[in-house]
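[1] for reference, the sequence and a predicted model appear below.
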Amino acid sequence: MNTKTKQPRPKYTLEFKQDAARLVNEKGYTHQQVVEHLGVSLSAIGRWSRAERVPTAQSSGKNTTLSLADQTELIRLRRENEQLRMEREIIKKAAVFFAKELE
């Protein structure tokens, strides 16, 4: 039986991610240096720095990546969309319930 408990994944702010990516992309730090100084995973630094790189002439390609700000906004909008769908379903059910009550 595994007695190790899974540690929760840390949540980093958008500003933190952008600053970490800026260290790699603009200041010339290596990924490993940023990992050692900030204490985040190597894969996270790689993702963040790729996301913040200025896209080259790849505008017609299908594999366009979103910046960190766009990713954060997309996640927020998806959550909001899901909440609105749930609210709409509740209102539909309430309308059916009250329509039956009036009969």
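    That came through, no problem. Residues are numbered from 1 along each chain as shown.

[2] quick one: the helices in the protein?
    14-25, 31-38, 42-52, 68-102 (DSSP state H).

[3] could those helices go into TSV alongside mean neighbour count and mean pLDDT?
    C-beta: built from backbone N, CA, C; applies to glycine. Below are the helices of the chain laid out as TSV (neighbours: other CB atoms under 10 Å; pLDDT from 0 to 100):
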stretch	mean neighbour count	mean pLDDT
helix 14-25	18	91
helix 31-38	15	92
helix 42-52	17	91
helix 68-102	10	90
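
[4] now for these, which one comes closest to P8?
    helix 42-52 (14.7 Å; CB to CB).

[5] which strands and helices lie in contact with the closest one?
    When contacts are defined as 3 or more CB pairs under 8 Å, 6 or more residues apart in numbering; DSSP states H and E, helix 42-52 packs onto helix 14-25, helix 31-38, helix 68-102.
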